[in-house]
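Enquirer: sequence unknown, structure follows:
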């Protein structure tokens, strides 16, 4: 066993790099931790106060380590106590600090350093139809929100999201707000909005895909982008703005022709690699399941339109069928598609619609 | 690394001597005749505009180059050299005699410009260069440079490829010679003429010293430019407004209604308001011939000089703005003919102009918020790697502008940065936002913005953006009362430039 010590340098919200999309409370400590130490308990007076989990590489910063603190650990233990992990609920809004005097006056606020401005509300999230852009959040569950977005919790200042962080799926959060200068109170029933999941790493989930005529179709996700190391401007934009531009409403799955297993039937299709499926035979394709269905029910000719100015991709069903076994054998394809976990998305998507 | 380049050099030498014996040398006669050289030095000083502080210019630069002396007292150089110039001077290589020069015509897209000396007799005694348009693959060209002494430095190279390529400004593609040549660096290597049998065959476009490959603006493009330059009003190279894709894929070929025979390109996009759209071209048409030239499935026609080359050459090198070109197309397998009247598309007719040179950038400052219009010139301020370094949202908008703004008739107004001031407390971190509305009015240009700012809402200027925070408010009277202080603090000569 090896042991190292350090002092607590700061407590605030940090990006959890394991998923690279979650932000939770973390404690920065000056203990030296190294790769391989993750999961090691951090002890104080003989009791566990956290779990060591991330740090910087030596050329960025030294002696900066992070541990998962007890509120996060306790929350996790409580969540899984019923045998099922529901993950973190999220309000799915973005907000701006309200520190400009003119802007405060415009919104009808006092000069009291309180309130943050709702910038956008994600349509697939729990705040949709309850909060609106332009609302000012004044209090969360009775805690006044300062203009720098902090609240006081148990004598400590923390970002107001921490109040939601400590809650569970099915809980509610109450806001006192100012809408068009009128005070109101709103209650949001909390759950985890699904569109964020493509922007983080997935674990223990087999990648979803459909292979047809040697063409591999995969939904856009962080793992997929990293695997292909693409610098494609359109793919990067669709990934980056999936939520902010509400791309998920049209394309809950952004289906990318990610790879081509070469075969005589797809010799000329290389230029289509990296493009995004828009429609098949005139029908909009929203999810990978819909694409699999379109392929299964294909008429003699399949005309696949991609997003953008490019040409349509045309396939002859009979040729695809006759190449099927050849491609499966040559590339050792065990399964031509994996649609697992699609049902969850389909349900979430139905809710959005 | 070093070893590798030695090997490369060795091979090249062998190749060069091998062909030298057979072919006539492109290097002109003995050095004694250098007085006859149709070359002048061109000294340029200039100042680029600073898009990060759009009210001022950057530090002055100076460039030294060569110009090719043509008939009628004209000197041909690359347009690149003259971008944002303040002063151009010509210098006789052998005597050092100097005179100021004026820019007669400049075309940044074809990267060509004509200079004329202010002193008419300056070029007396120089026999102008004729232009030879018949260079083909396998020809040897000499690159003409000058030693500091004024003596000629000639290097010979082999034309390996003639093809369509983008030029530095990246508006369309142009005919280009690729020459394998071991050029040496001289301080005036900026514009280098390429010569065949003492006639001008091309001008250096770019040179990669590692691969020793040189791309040249070829004589046919130069001739086109000169012919156009002699007209009353220089219009630039023609443009049609469609995109195409090869029909190599038999499935696509058949889908487009083509049966049996090969050939033609598939039209993937026709931009609204362009010559192609006016001529009735549609997505899905297959262009089988332009004029008398049949187009193959890869988009090539057979040129009498070069053999197979992309058919867009017929629209740039061979045609002029205003020309009507017959397009033979097949629509659902039925042959038709379209008459496309080509025109030039000015940089200002793009939503995000591809270049903006020799004129100061437009901007508008309101209480410390700096508004500008999106352009590639602005994005290029991030340096050579601007496509990776510049704000990616703007790079995306610039790249897909024809898709995102098909109606074209607008600019994208951006909040580029915030100067800390009393009125911008709390806004300091904002940058690179796309403006949608100001005081409730839609914003499609800086003029729109300037007008909308004049009509505050109950004493506030409300700015709405596509990105977070979505809304920004300023106190209109504070903006006015603190304008002078802002100018003083940041040394801004004028809070707006819209001209």
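Expert: Good, I have the coordinates. Just so it is clear, the model here is predicted, and its values are computed rather than measured. Numbering: from 1, shown residues only, chains lettered A, B, ... in the order given.

Enquirer: Now do the lengthiest helix in chain A: everything it contacts.
Expert: Criterion DSSP state H: the longest helix present in chain A is helix A:317-330. Residues from elsewhere that reach helix A:317-330 (C-beta atoms under 8 Å, 6 or more residues apart in numbering or on different chains): A:211-214, A:261, A:263-265, A:298-302, A:333, A:336. In short, each C-beta sits where N, CA and C put it, glycine included.

Enquirer: can you tell me which of the residues you listed are up against chain B?
Expert: residue A:301 (C-beta under 8 Å from any C-beta of the partner chain).

Enquirer: Out of the contacts of helix A:317-330, which is nearest to chain B?
Expert: The shortest gap between chain B and any of the contacts of helix A:317-330 belongs to residue A:301, at 7.1 Å (C-beta to the nearest C-beta).

Enquirer: Counting neighbours, what do you get for that closest one?
Expert: Residue A:301 has 14 neighbouring residues, counting by other C-beta atoms under 10 Å in any protein chain shown.

Enquirer: do the same with the one 3 residues further on
Expert: Neighbourhood size, residue A:304 [other C-beta under 10 Å]: 24.

Enquirer: Residue A:311 is in contact with that one, correct?
Expert: No: counting by C-beta atoms under 8 Å, residue A:304 stays clear of residue A:311, with 10.3 Å between them.

Enquirer: Listing partners with orientation, what would you give for the helix or strand just after the longest helix of chain A?
Expert: Remark: after helix A:317-330, the chain's next helix or strand is strand A:337-338, criterion DSSP states H and E. Sheet pairing of strand A:337-338 (DSSP bridges) gives strand A:209-212 (antiparallel).

Enquirer: Can you name the residues in contact with the strand it pairs with?
Expert: A:216-218, A:261, A:288, A:291-292, A:295, A:315, A:320, A:327, A:333, A:336-339.

Enquirer: next one: stretch B:325-342
Expert: Stretch B:325-342 is contacted from outside by B:238-240, B:256-259, B:264, B:267, B:275-276, B:278-282, B:284-291, B:314-315, B:319-324, using C-beta under 8 Å, 6+ apart.

Enquirer: Phi first, then psi, for the most centrally placed residue in chain B.
Expert: Ranked by distance to the mean C-alpha position of chain B (C-alpha atoms, centre = their mean), the top residue is residue B:169 at 2.4 Å. Phi and psi for residue B:169, reported as degrees, to the nearest 10, are phi -70, psi -20.

Enquirer: so how far is chain A from it?
Expert: To chain A, residue B:169 is 19 Å away according to C-beta to the nearest C-beta, to the nearest Å.

Enquirer: That residue and residue B:353 touch, don't they?
Expert: No: contact status for residue B:169 versus residue B:353: not in contact, 10.6 Å apart, counting by C-beta under 8 Å.

Enquirer: What parts of chain A come near chain B?
Expert: So chain A meets chain B at A:94, A:96-103, A:105-107, A:117, A:119-120, A:133-134, A:231, A:233-234, A:236-237, A:240-241, A:244, A:267-269, A:271, A:301, A:303, A:308-316 (C-beta under 8 Å from any C-beta).

Enquirer: Of these, grab the buried ones for PyMOL.
Expert: A single PyMOL command is used to select the members of the residues of chain A next to chain B judged buried by 16 or more other C-beta atoms under 10 Å in any protein chain shown:
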select buried, chain A and resi 94+96+97+98+99+100+101+102+103+105+106+107+117+119+120+133+234+236+237+268+269+303+311+312+313+314+315+316
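
Enquirer: From the residues of chain A next to chain B, which land in helices?
Expert: Short answer: the residues of chain A next to chain B in helices (DSSP H) are A:101, A:102, A:103, A:105, A:106, A:233, A:234, A:236, A:237, A:240.

Enquirer: hey, what's the closest residue to residue B:451 other than its chain neighbours bridged with?
Expert: Sequence neighbours aside, residue B:441 is the residue nearest to residue B:451 in space, at 7.5 Å (criterion: C-beta to C-beta, 6 or more residues apart in numbering or on different chains). Beta-bridge partners for residue B:441, by DSSP bridges, are residue B:438.

Enquirer: what ranges of the stretch 101-250 of chain A fall below the confidence cut-off?
Expert: Counting by pLDDT under 70, the stretch 101-250 of chain A contains no low-confidence range.

Enquirer: Also the stretch 1-150 of chain B?
Expert: Answering for the stretch 1-150 of chain B: the residues below the bar, that is pLDDT under 70, span B:1-36.

Enquirer: picking that back up, out of the contacts of stretch B:325-342, which sit inside helices?
Expert: Counting by DSSP H, the contacts of stretch B:325-342 place B:275, B:276, B:278, B:314, B:315 in helices.

Enquirer: quick check, nearest of these to residue B:225?
Expert: residue B:315 (15.4 Å; C-beta to C-beta).

Enquirer: How many residues are close by that closest one?
Expert: 23.

Enquirer: How about residues contacting stretch B:78-90?
Expert: B:40-49, B:60, B:63, B:65, B:67, B:75, B:98-103, B:106-108, B:110-113, B:115, B:117, B:122, B:168, B:190-191, B:203-205, B:217, B:357-358.

Enquirer: thinking again about what came up before, ChimeraX command for the buried members of the contacts of stretch B:325-342?
Expert: With 16+ other C-beta under 10 Å as the criterion, this ChimeraX line picks the buried residues out of the contacts of stretch B:325-342:
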select /B:238,239,240,256,258,264,267,275,276,278,279,281,284,285,286,287,288,289,290,314,315,319,320,321
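
Enquirer: from the contacts of stretch B:325-342, which ones fall inside strands?
Expert: B:267, B:286, B:287, B:288, B:289, B:290, B:324 (DSSP state E).

Enquirer: among those residues, which two are most distant?
Expert: The largest separation in the ones in strands among the contacts of stretch B:325-342, counting by C-beta to C-beta, is between B:286 and B:324 at 20.7 Å.

Enquirer: Skip the chain neighbours and tell me the closest residue to the residue in the stretch 151-300 of chain A that chain B sits nearest to.
Expert: Closest to chain B within the stretch 151-300 of chain A is residue A:268: 3.6 Å, counting by C-beta to the nearest C-beta. Leaving aside its sequence neighbours, residue A:268 sits nearest to residue B:249 (C-beta to C-beta, 6+ apart; 3.6 Å).

Enquirer: show me the residues around that neighbour that make contact.
Expert: Going by C-beta under 8 Å, 6+ apart, residue B:249 touches A:267, A:268, A:269, A:314.

Enquirer: out of these, who's nearest residue B:381?
Expert: The shortest approach to residue B:381 among the contacts of residue B:249 belongs to residue A:269, at 38.5 Å (C-beta to C-beta).

Enquirer: Check whether residue A:117 really touches residue A:138, as I assumed.
Expert: No: using C-beta under 8 Å, residue A:117 is not in contact with residue A:138, being 11.0 Å away.

Enquirer: what about the residue nearest to residue A:251 when sequence neighbours are not counted, neighbour count?
Expert: Spatially, and ignoring its direct neighbours in sequence, residue A:251 is nearest to residue A:286 (6.3 Å; C-beta to C-beta, 6+ apart). Residues lying near residue A:286 (other C-beta under 10 Å) number 20.

Enquirer: Done for today, thanks.
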